[in-house]
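J.: structure, please.
(one chain, ligands or ions: 3)
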Amino acid sequence: MSPPPPSAPAVLRLLGGLTLPLLGLLCAPAAQGACSLPPDVPNAQPVLGALARFPEQTTVTYKCNKGFVKVPGKSDSVLCLDDKWSDIGEFCSRSCDVPTRLPFASLKKSYSKQNYFPEGSTVEYECRLGYRRDPTLSGNLTCLQNFTWSKPDEFCKKKQCPTPGDLKNGHVNITTDLLFGASIFFSCNTGYKLVGATSSYCFPVENDVGWSDPLPECQEIFCPEPPSIVHGTIQDKRSSYAYRQSVTYTCNKGFTLHGQSSIYCAIKEDQGEWSGPAPECKETLPAVESTPAFEKPITVNVPATKHPAVPRATTRFHATSTSKGRGSPSSGVGITASALITLMRTTKQLMLHFII
Ligand SMILES: *[C@@H]1O[C@H](CO)[C@@H](O)[C@H](O)[C@H]1NC(C)=O
Ligand SMILES: *[C@@H]1O[C@H](CO)[C@@H](O)[C@H](O)[C@H]1NC(C)=O
Ligand SMILES: *[C@@H]1O[C@H](CO)[C@@H](O)[C@H](O)[C@H]1NC(C)=O
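T.: Residues are numbered from 1 along each chain as shown. Ligands and ions are numbered 1, 2, ... in the order given. All right, here's what the predicted structure looks like:
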């Protein structure tokens with residue numbers, strides 16, 4: 001015979017005996033939080049405040065330690081549910097850093113959002129603008145065993161701009177090369193003016209590279225019309241005069257040219273200007289008998305030491321004029337001081353007269 005089932009009061013009594021301690025167990029922790037500290041996860045740390053207990057439905061997220069990266073698809077958080085933390089596995093793994101930035105290539109779009117690169121993983125690059133692919137070299141990088149990226153080859157090379165060609169009456173200065181990024185400089189020969197850009201650089205255009213500026217023009221510089229002169233003409237006058245070309249002036253009959261008979265076209269600050277003023281044509285004066293000009297210096301010697309006591313000192317008048325050979329410089333003419341004063345007051349003619 002089986003014992004009779006416990007009567008209801010008996011169950012109540014049993015429960016009643018347990019009620020207080022049970023409630024204490026259930027309710028007391030619930031007030032503080034349902035879960036205690038979250039579990040340890042290798043190579044990761046939970047992001048916690050100062051809390052030691054966590055209520056139901058609390059989520060705690062972990063952060064990978066330095067050098068480790070979250071493996072995509074793996075959970076990095078735990079949830080407090082029914083007093084227990086949800087399961088979490090190891091989700092942090094060693095990874096290469098974000099792939100090396102290369103000056104000539106950029107990471108293909110499909111890799112740009114990725115940040116987990118386990119050992120042996122490969123990333124692909126594509127050439128930047130202005131560069132072309134060198135098909136003989138690999139454009140991939142691999143994450144090595146020591147979690148560094150393999151050394152990149154220079155698998156993209158600079159594209160070259162077309163040869164600029166010759167600059168007529170000028171010069172194209174290619175300082176380095178014609179590759180992407182290079183600049184070339186233009187200059188014109190003397191006598192020519194540069195119209196346009198003085199330099200150009202090789203830059204990306206559409207899917208290729210091209211010059212930023214076209215070749216300039218070297219325009220010949222001309223001088224202004226040569227000045228015309230009175231009583232004279234320009235020989236073989238041209239319609240225009242360029243650098244180094246000259247004009248020659250001649251005077252009409254009866255006129256004499258004064259100044260430079262020829263002037264030439266010079267260049268100053270990209271402008272043409274004549275090398276000097278045009279000459280002048282002056283009326284030719286009829287030939288007149290030339291009178292000897294009295295322009296030689298007169299030296300007056302006063303030998304005071306020789307005749308100190310003589311009151312009416314005799315001075316030596318000494319003319320150095322060599323005109324006509326008469327009266328040699330050494331032949332002195334003895335005159336008195338008063339005569340000298342008189343002489344000084346007289347005209348040149350008188351003086352000449354006196355000497356003779
Ligand atoms: C580069 O990587 C891509 C994708 O991983 C692969 O298809 C390609 O063959 C690789 N190229 C080289 C040269 O390794
Ligand atoms: C990583 O390994 C590669 C190849 O084994 C080596 O060339 C490189 O120097 C290593 N880098 C570091 C930081 O150890
Ligand atoms: C070209 O340019 C460089 C740098 O501006 C200069 O040193 C050089 O003399 C130039 N060469 C010629 C031929 O003009």
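
J.: what is the neighbour count of the residue of the stretch 151-300 of the chain found nearest ligand 2?
T.: Relative to ligand 2, the nearest point of the stretch 151-300 of the chain is K151 (7.1 Å; CB to the nearest ligand atom). Heads up, the C-betas are built off the backbone N, CA and C, glycines and all. For K151, the neighbour count with other CB atoms under 10 Å is 8.

J.: low-confidence ranges in the stretch 251-356 of the chain?
T.: The model of the stretch 251-356 of the chain has pLDDT under 70 over residues 287-356.

J.: before we move on, back to that, what's the spacing between the residue of the stretch 151-300 of the chain closest to ligand 2 and ligand 1?
T.: In this view, K151 and ligand 1 are 14 Å apart by CB to the nearest ligand atom, to the nearest Å.

J.: D166 touches V172, doesn't it?
T.: Yes - D166 is within contact range of V172, at 7.1 Å (criterion: CB atoms under 8 Å).

J.: ok, these two, which is more surrounded?
T.: Shown here are D166 and V172; by other CB under 10 Å, V172 has more neighbours (16 against 10).

J.: so what's that one up against?
T.: Going by CB atoms under 8 Å, 6 or more residues apart in numbering, V172 touches P164, G165, D166, I184, F185, F186, L215.

J.: could I get those in a markdown table, plus columns for secondary structure and distance to N65?
T.: Output for the contacts of V172, formatted as a markdown table (DSSP: H, G, I helix; E, B strand; the rest coil; distance: CB to CB, whole Å):
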| residue | secondary structure | distance to N65 |
| --- | --- | --- |
| P164 | coil | 57 |
| G165 | coil | 62 |
| D166 | coil | 65 |
| I184 | strand | 54 |
| F185 | strand | 56 |
| F186 | strand | 60 |
| L215 | coil | 61 |
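
J.: three-state assignment of Y111?
T.: Taking DSSP: H, G, I helix; E, B strand; the rest coil as the rule, one finds Y111 in the helix state.

J.: contact partners for whatever residue of the stretch 201-350 of the chain ends up closest to ligand 1?
T.: Nearest to ligand 1 in the stretch 201-350 of the chain, going by CB to the nearest ligand atom, is N207, at a distance of 22.4 Å. N207 sits next to no residue when contact means CB under 8 Å, 6+ apart.
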